[in-house]
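S.K.: Here is a sequence with its predicted model. Questions after.
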Amino acid sequence: MANRLRIIFMGTPGFAVPSLKALLSGPDQVVAVVTRPDRPKGRGKKLTPPPIKELALAAGLPVLQPTRIRGEDFLRKLAAYSPDIIVVTAYGRILPGPLLAMPPLGVINVHGSLLPKYRGAAPIQWALINNETETGVTIIQMDQGLDTGDILLPARIDIAPDDTAGSLAIKLAELGGRTLLKALDLLRAGNLRPRQQDNDLATPAPLLSKKDGLVDWQQPAIAISGLIRGLDPWPTTYTYLNHKRLQLFAPKVVPAPPDTPAPGTLCRADRDGLLIATGQDLLLVRAVQPEGKQRMEADAFLRGHPLEPGTVFGR
């Protein structure tokens, strides 16, 4: 094996940036970068490059943005770079078999969970929704299944009580970059030992949508808290107040006294936030985003929208 590997990197969003930065700081040579096409963004629908494209161009790397990755033309373009290995972090598409088989050392992936838990497109969000206290990243040898390849190197991290999908993604992205470099060091030294995943322990992490964010106040406060954290910053959770949508952030579970009102009922509203009854325990919501407004602390919201105990959410 060559001491200095020729690497093609495939990635698209901000989560992939620390992986590419790690490769650029390491001993190997990134010979090309593949990312998704520029997309319209914002009110003006201006074509905007993915974060990985901006980093690659700043580093003087060739950038490929194919609309199709299953054609012979694309495979020939990749093969022309003579890569030893392809590294994938959040590219955003399933890779075809011929591409996986093309480089001599195959294709490895930085996945945002401790596989086999949370296979799929939203592993960080589902770890929070399920109120996990630990997660991590896994470097795997990619196969044609959905995150089913052999485990090469995992790395763990604690989940903080106030972590959201946004904050946790930043931590995992950095961990992914560091773990990727360790995996490549082990590979170069011949000490990387693939291990099959235990499919009996696999759990799915499917894509989320806006409809997943509607709060059911009959659920326990801990479940609603996990949903709020897992869907922040996107697609966010919401309830209705006087028939208008109110997005919810920064939750805290509070033990319920014996005389708790019906789920969805406001128990208290003050500078600490909105204390709302649920199916089990109370939920303190410390930040909200009213319809058509910016996100704000609950205290600021209450100054313009005073609420009395007994107000019912979800209507």
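M.R.: Now that the structure is in, tell me what you want to look at. Because the structure is a prediction, the values reported are computed rather than measured.
S.K.: Poorly predicted segments of this protein, please.
M.R.: With pLDDT under 70 as the threshold, the chain has low-confidence stretches at 1-2.
S.K.: in it, which spans are helices?
M.R.: With DSSP state H applied, the chain shows helices at 17-25, 51-58, 72-79, 97-100, 123-129, 165-188, 221-230, 298-304, listed in chain order.
S.K.: want to throw these into TSV with distance to V288?
M.R.: C-beta: built from backbone N, CA, C; applies to glycine. Formatted as TSV, the entries for the helices of the chain read as follows, by distance: least, CB to CB, whole Å:
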stretch	distance to V288
helix 17-25	31
helix 51-58	29
helix 72-79	46
helix 97-100	45
helix 123-129	19
helix 165-188	17
helix 221-230	11
helix 298-304	5
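S.K.: Can you say which of these is nearest to V107?
M.R.: The closest of those to V107 is helix 97-100. By CB to CB, the value is 5.1 Å.
S.K.: what's the most buried one of the helices of the chain?
M.R.: helix 123-129 (a mean of 25; mean count of other CB atoms under 10 Å).
S.K.: Residues contacting that one, please?
M.R.: With CB atoms under 8 Å, 6 or more residues apart in numbering as the test, helix 123-129 has contacts from 111-113, 117-118, 120, 135, 159, 163-165, 168-169, 172, 203-205, 208, 226-227, 229-231.
S.K.: and if we set it to 6 Å?
M.R.: The contact list for helix 123-129 (CB atoms under 6 Å, 6 or more residues apart in numbering) reads 112-113, 118, 135, 165, 168-169, 205, 208, 226-227, 229-230.
S.K.: With stretch 224-231 instead?
M.R.: Residues from elsewhere that reach stretch 224-231 (CB under 6 Å, 6+ apart): 125, 128-129, 131, 164-165, 213, 215, 237, 248, 251, 253, 278, 283.
S.K.: give me the number of residues near P306?
M.R.: Neighbouring residues of P306 were enumerated by other CB atoms under 10 Å; the total is 8.
S.K.: And for V110, the neighbour number?
M.R.: Applying the criterion other CB under 10 Å, we find 27 residues in the vicinity of V110.
S.K.: wait, isn't it in contact with G176?
M.R.: Yes. Under the criterion of CB atoms under 6 Å, V110 lies in contact with G176, with a separation of 4.2 Å.
S.K.: Are there residues contacting both of those two? Which ones?
M.R.: Taking CB under 6 Å, 6+ apart as the contact criterion, the residues that touch both V110 and G176 are S19, V137.
S.K.: How much space separates A127 from L274?
M.R.: 26 Å (CB to CB, to the nearest Å).
S.K.: For P40, give me its contacts.
M.R.: Applying CB under 6 Å, 6+ apart, one finds that P40 lies in contact with L47.
S.K.: circling back: want to throw the contacts of stretch 224-231 into CSV with distance to L99?
M.R.: Output for these, formatted as CSV (distance: CB to CB, whole Å):
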residue, distance to L99
Q125, 27
L128, 32
I129, 32
N131, 37
T164, 34
A165, 29
G213, 35
V215, 42
T237, 38
L248, 42
P251, 42
V253, 46
T278, 47
L283, 46
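S.K.: Just name the closest of those residues to R43, please.
M.R.: G213 (22.4 Å).
S.K.: Without its sequence neighbours, what residue ends up closest to the closest one?
M.R.: When the adjacent residues along the chain are set aside, G213 lies closest to T237, with 4.4 Å between them (CB to CB, 6 or more residues apart in numbering).
S.K.: and what of N3?
M.R.: Excluding the flanking residues, the one nearest N3 by CB to CB, 6+ apart is R188, at 6.9 Å.
S.K.: Distance check, that neighbour against G149.
M.R.: R188 sits 20 Å away from G149, going by CB to CB.
S.K.: what does P98 give?
M.R.: As judged by CB to CB, P98 and G149 stand 16 Å apart.
S.K.: follow-up on the earlier one: what is the nearest of the contacts of helix 123-129 to A155?
M.R.: So of these, ranked by how close each gets to A155 (CB to CB), first place is T135, at 10.1 Å.
S.K.: Report the contact partners of the closest one.
M.R.: T135 touches S113, A127, I159, counting by CB under 6 Å, 6+ apart.
S.K.: Repeat that for G176.
M.R.: Taking CB under 6 Å, 6+ apart as the criterion, G176 is in contact with S19, V110, V137.
S.K.: please redo it, this time with the cut-off set to 7 Å
M.R.: Residues near G176 by CB atoms under 7 Å, 6 or more residues apart in numbering: P18, S19, T89, V110, V137.
S.K.: residues contacting the fourth one?
M.R.: Taking CB under 7 Å, 6+ apart, we find V110 in contact with S19, T89, V137, I139, G176, L180.
S.K.: Since that was my last question, I'll sign off now.
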